[in-house]
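**Student:** A predicted structure for the sequence below; I have some questions about it.
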Amino acid sequence: MDWSQSLIPPMRLEARFGDRMVLAFSDRPASLWAMIAKTCARNGDGEALICGNARLSWRQAVDQATRIASGFRKLGLRRGDRVAILLGNRVEFPLLLFAAAHEGLVTVLLSTRQQKPEIAYVLADCDARILIHEAALVDRLPDARDVPEVVHRIAVDDNPALSRFSVLADNAPAPTPVETSEEDTAMILYTSGTTGKPKGAMLAHCNIVHSSMVFVSCLELTDADRSIAAVPLGHVTGVVANITTMIGCGGALIIMPEFKAAEYLKLAARERVTYTVMVPAMYNLCLLQPDFDSYDLSSWRIGGFGGAPMPVATIEKLEATIPGLKLANCYGATETTSPSTLMPGELTASHIDSVGLPCPGARIIAMDAAGRELPPGEIGELWIQSASVIKGYWNNPKATAESFTAGFWHSGDLGSVDAGGFVRVFDRQKDMINRGGLKIYSAEVESVLAGHPAVVESAIIAKPCPVLGERVHAVVVTRAPVASDDLRSWCAERLSDYKVPETMAITADPLPRNANGKVLKRQLRELW
C-alpha cells in the first residue's frame, strides 16, 4: 500500500550530498527562507504566530524577522555562523529561526532543561558565535573561558530591564536575503546522548523543506489550519512538525509556553485548533481532566503522535469523545528531520500495532546483524532512506560513518515491514529484554498496562538475573491505589506468561523524561 498520488506533489530522483540518490519533491522552495517568503506572499494577512498577547500575521512576522536579520548583520555574523538558541516556547523562537534562515546562519537548538556542562559542550562543539538565552537561565551559562568562540550573549525576557533582545529586534529590515544552497546546514540539533556525548545532527534546508511538504501533503494541511505547539520548540517535533510545517501550509502556529492539560484544552477550544503533534502521555493527561467533555474541540481534525506507542485505550477514548479527530502515528527521529512514517488517520484503528506507511519518497527496510535485508514481517534493525535523512553529524565523521550506509540511516530500532508496507517498531535494540532466550518488547507490555483503569503510564525495563540473564520489571505510574498482584493478573490474561512483569514498582510520580519527551529508561534501570 502507498500514499494516494492524488495527495502527493510530483517527485523525482535526485543526487544528494554527493553519493546519495533520493526521491524528492520536484517543485519545492529552494530554502527555508524561500518557503517563508512564499507563504508571506500568498497569505500575508493570515495569522502566523500566536503566543499570549502576541498575534502576528505572516507579513508582520516576516517584518520582525528581517529586523532581527539586520541585527545579526550588525553583530558581524556571516553565512554559516552558528547561532545557539536557549529559549523556551515563546514567540521569539520562530522569529529567530526565520531571521537566521534569511541570513544563511545555522541555528543550534538547545533545551532549557540542559545544565551548564551540557550547554558548554554543545557551544564548544559547534563553535557558536552567539548565544540567545532566557534571562532566567543566566546561572546555567558556561564561563566565557570555556566557550571562547561565543562573542555575543543576548538575554530574552518579557521584562525590558532584563532583556537585551532589542539589540536584534530594533533595526531597519534587512533588504535582501543571503543566498544559500539547498544542502547548506540550516539547523543543528544535538541528540539526547544516551550513549556517550551528544551528536550534532545537521539538518539541511532541503531536509526541512521536504519534511514540511510531507506533513502538508499527507495530512492535507492548508492555510486554514491552526496548530498548537505544546511540545518543546527546540526538539525536532516542535521545530518541524509545528513551526516549519505551518510555514509550509501558511497556517497559524499557537505557542504554549508550557504544556498543562487544563490550559491546553482551553487554548484548543478558544483558538479552534485543527492540528497538533504530541506524545501519547499528553493525550492521556487531557482525557484525565474532569471537565474534558465540556470543551468544544469539534474543529480538531488531526492528532499526530509519536515518541512512544499510543495505548489502545487512549485511541478508543479519543475516538468516542472527538469523532472528527483522525489520529496519525508519526514515527521519525532527529536524523530523519521528523517523519519517516505517517499513518493515514482512517487506518489507525485497523492497524493499531503499526507506526504507519513510509512517507512519500522514503524507503524503510529491516536488516539483520550482517547488514542483509530481511523478508516481510521479520524483525531486524530498521534502516531509513529518504530526502529527509540528514547528511551526518557535525564535526563527527566517525559517528557519521557508523550510522549511515549509502544514504540509509541505522535507526537502532527493532522493527519489521510487512508485505503491505506497514512498519512496526517493537523496541530500541538496547531496551529489548532477553529472558532466557525469549525476546520481550517493552512496548507490547506497556500497551497492555496502559489499558488498566488505574494506570497512567508505565516503563518496562530489564532486571538482571544470574539464571535467565534478564527478567521483566515494570515501573508503573498510577492514578488510584492498586496492588501489584492485580496488575500482574491483568497482564497474565493478555500476555504470554514470560512477558508478565515479575516485579513492579508502583508510584504516583511521573516517569523521568528527556527534553524530547522520551522516557529515560537508563535512569530507571540505574534507580531500580
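**Tutor:** That came through, no problem.

**Student:** And the protein, split by domain according to the record?
**Tutor:** Split into domains by automatic domain parsing, the chain comes to 32-424, 431-527.

**Student:** Now Trp383: phi and psi?
**Tutor:** Dihedral pair for Trp383: phi -110, psi 140, per degrees, to the nearest 10.

**Student:** residues contacting it?
**Tutor:** Contacts for Trp383 (C-beta atoms under 8 Å, 6 or more residues apart in numbering) come out as 364-367, 405, 408-411. No exception for glycine: its C-beta is placed from N, CA and C like everyone else's.

**Student:** Can you tell me which of those residues are buried?
**Tutor:** Buried members of the contacts of Trp383, counted by 16 or more other C-beta atoms under 10 Å: 364-367, 408-411.

**Student:** before we move on, back to that, Serialize the domains of the chain to TSV and add fields for mean pLDDT.
**Tutor:** Listed next are the domains of the chain as TSV, based on pLDDT from 0 to 100:
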stretch	mean pLDDT
domain 32-424	94
domain 431-527	87
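
**Student:** Please identify the most buried of these.
**Tutor:** domain 32-424 (a mean of 20; mean count of other C-beta atoms under 10 Å).

**Student:** Figure out which of the domains of the chain is closest to Leu13.
**Tutor:** domain 32-424 (9.4 Å; C-beta to C-beta).

**Student:** Would you map the helices across the stretch 101-250 of the chain?
**Tutor:** Secondary structure of the stretch 101-250 of the chain (DSSP state H, counting those that start in this stretch): helices at 116-126, 166-169, 205-218, 236, 245-249.

**Student:** Relative to Ser227, which of those is closest?
**Tutor:** helix 245-249 (5.5 Å).

**Student:** Now do the closest one: distance to the chain's middle.
**Tutor:** Averaging C-alpha positions (C-alpha atoms, centre = their mean, to the nearest Å) puts helix 245-249 16 Å from its chain's average.

**Student:** Same question for stretch 373-387.
**Tutor:** Here the centre of stretch 373-387 is set off from its chain's centre by 21 Å, with C-alpha atoms, centre = their mean.

**Student:** Ile119 reaches Val138, doesn't it?
**Tutor:** No: using C-beta atoms under 8 Å, Ile119 makes no contact with Val138, being 11.5 Å away.

**Student:** and the buried ones among the contacts of Trp383, which of them are in strands?
**Tutor:** Judged by DSSP state E, the subset of the buried ones among the contacts of Trp383 located in strands is 364-367, 408-411.

**Student:** returning to that earlier point: nearest to Glu263, out of the contacts of Trp383: which one, please.
**Tutor:** Checking the contacts of Trp383 against Glu263 by C-beta to C-beta gives Ser411 as the nearest, at 34.1 Å.

**Student:** Not counting its neighbours along the chain, what's nearest that closest one?
**Tutor:** Counting by C-beta to C-beta, 6 or more residues apart in numbering, Ser411 lies nearest to Leu382, which is 4.6 Å off, once chain neighbours are set aside.

**Student:** quick one, what contacts Asn395?
**Tutor:** 125-126, 200.

**Student:** Distance of Trp383 relative to Leu221?
**Tutor:** For Trp383, the distance to Leu221 (C-beta to C-beta, to the nearest Å) stands at 29 Å.

**Student:** how about the CA coordinates for the helix or strand harbouring the residue nearest to Ser411, as PDB?
**Tutor:** Per DSSP states H and E, Leu382 falls inside strand 380-385. Provided in PDB are the C-alpha atoms of strand 380-385 (Å, rounded to 0.1, in the frame of the first residue of the first chain):
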ATOM      1  CA  GLY A 380      15.500  -6.500  12.400                       C
ATOM      2  CA  GLU A 381      17.100  -3.100  12.800                       C
ATOM      3  CA  LEU A 382      15.200  -0.500  10.700                       C
ATOM      4  CA  TRP A 383      17.300   1.400   8.200                       C
ATOM      5  CA  ILE A 384      15.700   4.500   6.700                       C
ATOM      6  CA  GLN A 385      16.500   6.300   3.400                       C
END
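
**Student:** Pop out the phi and psi values for the nearest residue to Ser442 once chain neighbours are set aside.
**Tutor:** Sequence neighbours aside, Ile460 is the residue nearest to Ser442 in space, at 3.7 Å (criterion: C-beta to C-beta, 6+ apart). When read as degrees, to the nearest 10, the backbone of Ile460 gives phi -100, psi 130.

**Student:** Test my guess that Ile460 contacts Val472.
**Tutor:** Yes: counting by C-beta under 8 Å, Val472 is a contact partner of Ile460 at 6.3 Å.

**Student:** joint contacts of these two?
**Tutor:** Common neighbours of Ile460 and Val472, counting by C-beta under 8 Å, 6+ apart, are 433, 440, 445, 501.

**Student:** Look up phi and psi at the residue lying farthest from the centre of the chain.
**Tutor:** Of all residues in the chain, Val467 has its C-alpha farthest from the mean position, at 39.4 Å, by C-alpha atoms, centre = their mean. Main-chain dihedrals, Val467, degrees, to the nearest 10: phi -90, psi -50.

**Student:** give me every residue that touches the nearest residue to it once chain neighbours are set aside.
**Tutor:** Nearest residue to Val467, sequence neighbours excluded (C-beta to C-beta, 6+ apart): Gly436, at 7.7 Å. Counting by C-beta under 8 Å, 6+ apart, Gly436 makes contact with 467-469, 498.

**Student:** now the one residue sitting closest to the centre of the chain: how far from Phe305?
**Tutor:** Nearest residue to the geometric centre of the chain (C-alpha atoms, centre = their mean): Thr237, 2.4 Å. With distances taken as C-beta to C-beta, Thr237 is found 10 Å from Phe305.

**Student:** Please enumerate the shared neighbours of these two.
**Tutor:** Jointly contacting Thr237 and Phe305 under the rule C-beta under 8 Å, 6+ apart are 277, 330.

**Student:** ok, and the closest non-adjacent residue to Ala136?
**Tutor:** Closest to Ala136 by C-beta to C-beta, 6+ apart is Asp157, at 7.2 Å.

**Student:** do you know how far the one you found is from Leu137?
**Tutor:** Distance from Asp157 to Leu137, by C-beta to C-beta: 10 Å.

**Student:** same deal with Val147?
**Tutor:** Distance, Val147 to Leu137, by C-beta to C-beta: 15 Å.

**Student:** For the residue nearest to Ser411, list the residues it contacts.
**Tutor:** Here Leu382 is in contact with 364-367, 411, 413-415, 417, 423, 425 (C-beta under 8 Å, 6+ apart).

**Student:** so which of the residues you listed would you say is closest to Pro173?
**Tutor:** Distances from Pro173 to those, taken by C-beta to C-beta, are shortest for Ser411, at 42.1 Å.
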